[in-house]
Structures are given as structure tokens and as C-alpha cells.
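> Requesting a structural model of the entry that follows:
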Amino acid sequence: MPKPPVMPLTPKNMCTAQAAGTIITGTITGTITGTITGTITGTITGTITRMTMDTSMVPIAATTTMAMNTMDTIINTSIMTMVMCMAPAASMTDPALFRLMTWLSPAYPVGAFSYSHGIETAVEEGFVTDRATLIVWLESVIEHGTGLVDGALFAAAWRAVDGADWPTFDAVAERAAAWRGTAEMALESRQQGGSFLSITRVAWPHPTLDAGHERTGGEMALPVAVALAAAAHGIALESALAGYLHAFAANLVSAAVRTVPLGQTDGQRSLAALEPAVRRAVEAALGATSLDEIGTATPLLDWCSLRHETQYTRLFRS
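The predicted structure is shown next:
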């Protein structure tokens, strides 16, 4: 058999072969079309025939011999280790990844550090006293409160912008502005969203950002603003949404570190423990078929936000 061609692995689509613990045996025959997101790992024994692929989207790195022609990919091997990145994977040199990390960094000038999202009152009232109680509180906020709502709004706004469906975007932006339980929660999202859109239009200009600004007068909730920028700059929905909810969780942990107070190590342990909750919130947001399906179940969070408005000593704006 001729020597297999070398498939270039570019920063846009790099995948790495790795060992896998699952063995799949048999023959797979058929044509795969469409878009698959995620990572597939495994060890395959057998034959794969007529596998039509866009090699810029589905690279293969494998310990095997490959024969390719224009239509078919024939892989006949005893053992093959394969990782397929079905959506373009971001590398450290990918401009999209650089922008996403910059926008969601605590250093991005949106004023996130000045909001606790009710944490300050939760500490004052004794609901959050240590790392364990903080994790329980934030899991509820992320999965059943603001994290769930903002995630669904983010996904809906991203899809509307990606499809150039401006009427739907307007409706999502309007709902996001209204979908706040208290005045402080509304201020928190509106001020950060406006600041985000303002600085991003200057630093990373794009006609779509200008269009969104004109349609809303520059005032929009933070998840809608970040979704607008992500879609405009070609950042994949799942990656952008996961980054957004991680940043949300990290900011609340930071507020707790300063308020409880917690040590820096306990703060990071808390954030690590919240990873499954963030992942579940992302999955729930992506799986929502309508915003009418989404609701919150965190009345104590709203109570803390209302109570914070008249709290005697305050470090935060919410």
C-alpha cells in the first residue's frame, strides 16, 4: 500500500491522536453528512468505507495506513487510535480564542468587579459562610437562576445574529432587559452590557456590532452583548457560551473571596467544584428550543438582591 499522505494540522483544526480506553469492533459503512460538534475518541478495529469528509473540518491523526481518493476514505487496519475534532478547534494562535479570552477576562473594563449578584447579602444574612455553602449557593444560581436564564438568552441571541435574523435579535434583547428580578440585577446586566459593547466596538470593530448598537441604542443586557460580539467575530456558540458562564461563576467566586472572606485557595477550589454546574447550564441552554421554556427557581437570590438595596454597609453595587 502506498505511503499515506500527511494531513496538515493547522491552528484552525488541529487534533491530536491519543490513547483511548474504548475498543469498537466491526465494520462501519455509510456516508456521514452535516455538522458534529465535540470530540470523539476511541480505538477502532475494522474497516471504514465511503467516509466523505471536509478535511478542513474533520482532520484525522491516526496510527494507521490510509488510502485516500477524491470521494472515499478507506481505512483498513488492525488497531487505530483516532481523535476527530468535528468543529474547528481553537488553538492558542486562533484569533477567535484570543478575543474570547480577552472579552471574558476580569481585566476587561466592564466593571464586573463591582457586582456581587446578591452574594454580599447572602454573606450578611448567614447563607454563605464558607466554601461548602458558597458552592451550594452558586450551583443553584448557575443551574436554576441567572446562569440558566442568561445562558438561554445568550444562545438565542447568538443564533439570531448568526442567521442575520434581526427581528428575533430585537425580541431577545428586549426580553433580556426585562428578565431581571430586581432593579440592582437589571443595573448589573445593563451597565456591563453597555460597557462591553462600547469598548468592543472600538477595540474589535465590526459592522454587525454597529448594527446591534443602532438597534438597541447601545443599551443591552450583558449576555446579549457578548453573544452579539461572539457571533459577529465567528466564535462558536458552545465555546462562547461556556466561556461566558465560566466568567460569570468566576466573578461571583471572586466576590465571595472578598466578602466571606475566603482564602484564594478555597476560592479556586470552589470554582473547580462548579465546573459540572457550568457544564450542565451550557447543555440546558443549548438544548432549549424556546425561551418560553426557561424559568428560574431561586427566590432567595431575588430576596437577597432586594435586601441589598437597603443594606447598611455595602462594598458592591449588587
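> Show me the shaky parts of the stretch 201-318 of the chain.
For the stretch 201-318 of the chain, the stretches with pLDDT under 70 are 317-318.
> try 80 this time
Scanning the stretch 201-318 of the chain for pLDDT under 80 picks out the ranges 311-318.
> Can you list the residue ranges for helices in it?
Along the stretch 201-318 of the chain, counting by DSSP state H, counting those that start in this stretch, helices occupy 207-216, 222-232, 237-259, 264-273, 275-287, 299-308.
> nearest residue to F248 other than its sequence neighbours?
Excluding the flanking residues, the one nearest F248 by Cβ to Cβ, 6 or more residues apart in numbering is G147, at 6.3 Å. (Glycine included, C-beta is placed from N, CA and C.)
> ok, the one you found to L301 distance?
Going from G147 to L301 by Cβ to Cβ, to the nearest Å gives 11 Å.
> out of those two, which sits in the more crowded spot?
Remark: of G147 and L301, G147 carries more neighbours, 30 against 25, as counted by other Cβ atoms under 10 Å.
> For G212, give me its contacts.
Taking Cβ atoms under 8 Å, 6 or more residues apart in numbering, we find G212 in contact with 161, 169, 197, 220, 225, 228, 232.
> sorry, back to before: give me the common contacts of G147 and L301.
V141.
> hey, where'd the strands end up in the chain?
For the chain, the strands defined by DSSP state E occupy 23-29, 39-49, 61-62, 66-68, 73-85.
> among those strands, which gets the worst mean confidence?
Here the lowest mean pLDDT among the strands of the chain goes to strand 73-85, at a mean of 30.
> which residue sits closest to A112, ignoring its sequence neighbours?
N251 is the one closest to A112 (Cβ to Cβ, 6+ apart), at 4.9 Å.
> thought that neighbour was touching I119?
No: in this structure, N251 is not within contact of I119 by Cβ atoms under 8 Å, at 9.6 Å.
> higher neighbour count, those two?
Neighbours around N251 and I119, counted as other Cβ under 10 Å, are more numerous at I119. The numbers are 30 against 19.
> For the more buried one, give me its contacts.
I119 touches 128, 137, 252, 255-256, 259, 316, counting by Cβ under 8 Å, 6+ apart.
> ok, the closest residue to it other than its chain neighbours - contacts?
Of all residues not flanking I119 in the chain, A255 sits nearest, at 4.6 Å (Cβ to Cβ, 6+ apart). Shown in contact with A255 (Cβ under 8 Å, 6+ apart): 115-117, 119-120, 316.
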